[in-house]
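Colleague: pasting a predicted model and its sequence here:
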Amino acid sequence: MSGQNPVTPSADSLAASIRATKSKGLPPVHLWNPPFCGDLDIRIARDGTWFYLGTPIGRVELVRLFSSILKLEDGKYFLVTPVEKVAITVDDAPFVAVDFEAAGAGRDQSLTFVTHVGDSATAGPDHPIRVVRDPQTGEPSPYVMIRAGLEALIDRKSFYRLVELGAHHDGWFGLWSGGQFFAVIPSDELETT
């Protein structure tokens with residue numbers, strides 16, 4: 001079996017490996033390209049809950065550790081260390097934006113989001129906001145880019161607060177942040193709902 005890792009990956013082996021390499025800030029997962037070791041029974045639910053072998057991971061520090069080594073490649077999610085790369089399942093987005101802070105107003109407004117695992121990002125050209133509407137119900141699912149292709153689903157309470165800060169621009173109702181306008185819904189649809 002040359003070229004394959006003979007050790008079966010586990011949550012414990014991943015945690016030990018990342019703790020051995022952890023320094024301040026996020027690990028440089030974009031620089032790591034270890035061999036693929038297989039699938040690991042870790043799932044991130046739509047509400048941001050992490051499960052291992054079907055059981056919620058209750059240790060917040062372990063969830064934060066795992067979230068720091070999350071990587072998106074070709075539409076698939078992986079946990080990556082310098083020596084292991086395992087595939088995991090993500091139901092929707094890997095993060096949930098649970099709060100935000102607004103500064104400024106109008107075109108000078110900035111919206112800084114915080115996720116359930118402690119990441120933060122200010123919406124703008126490098127951290128866009130997008131809204132996907134359910135084709136049958138029209139219900140919006142809003143997202144903000146957090147890092148390296150990894151998005152956060154913006155929770156309902158935060159989205160309601162965001163709508164209060166919205167503005168109309170070029171036929172759209174949306175949000176300004178970081179000098180960029182993020183369209184949410186056509187203005188004419190908003191007036192008829």
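Modeller: Looks like it came in fine.
Colleague: how much space between Trp172 and Ile44?
Modeller: Distance, Trp172 to Ile44, by C-beta to C-beta, to the nearest Å: 31 Å. Every C-beta, even on glycine, is put in place using the N, C-alpha and C of the backbone.
Colleague: more crowded one of these two?
Modeller: Ranked by neighbour count (other C-beta atoms under 10 Å), Trp172 and Ile44 place Ile44 first, with 24 against 18.
Colleague: where does Tyr160 land in three-state SS?
Modeller: Three states are possible here, and by DSSP: H, G, I helix; E, B strand; the rest coil the one that applies to Tyr160 is helix.
Colleague: what about the helices in this structure?
Modeller: With DSSP state H applied, the chain shows helices at 11-21, 60-67, 156-164, 187-192, listed in chain order.
Colleague: pass me the low-pLDDT residue ranges in this structure, would you?
Modeller: Counting by pLDDT under 70, the chain shows low-confidence ranges at 1-10, 13-24, 191-193.
Colleague: mind redoing it with 90?
Modeller: Confidence mapping of the chain against pLDDT under 90 gives the ranges 1-27, 30, 138-139, 189-193.
Colleague: tell me the contacts of Leu111?
Modeller: Neighbour list for Leu111: 100-102, 122-123, 129, 162, 165, 175, 177-178 [criterion: C-beta atoms under 8 Å, 6 or more residues apart in numbering].
Colleague: nearest to Arg147 among these?
Modeller: Thr122 (12.0 Å; C-beta to C-beta).
Colleague: for Ser187, see how far away the closest residue to that closest one other than its chain neighbours is.
Modeller: With C-beta to C-beta, 6 or more residues apart in numbering as the criterion, Thr122 has its nearest non-adjacent residue at 4.5 Å, and that residue is Thr112. Counting by C-beta to C-beta, the gap from Thr112 to Ser187 is 26 Å.
Colleague: same deal with Thr137?
Modeller: 21 Å.
Colleague: quick one, which of those two is more surrounded?
Modeller: Higher neighbour count among Thr137 and Ser187: Ser187, with 15 against 7, using other C-beta under 10 Å.
Colleague: wait, that one touches Gly171, no?
Modeller: Yes - here Ser187 lies in contact with Gly171, judged by C-beta atoms under 8 Å, at a distance of 5.4 Å.
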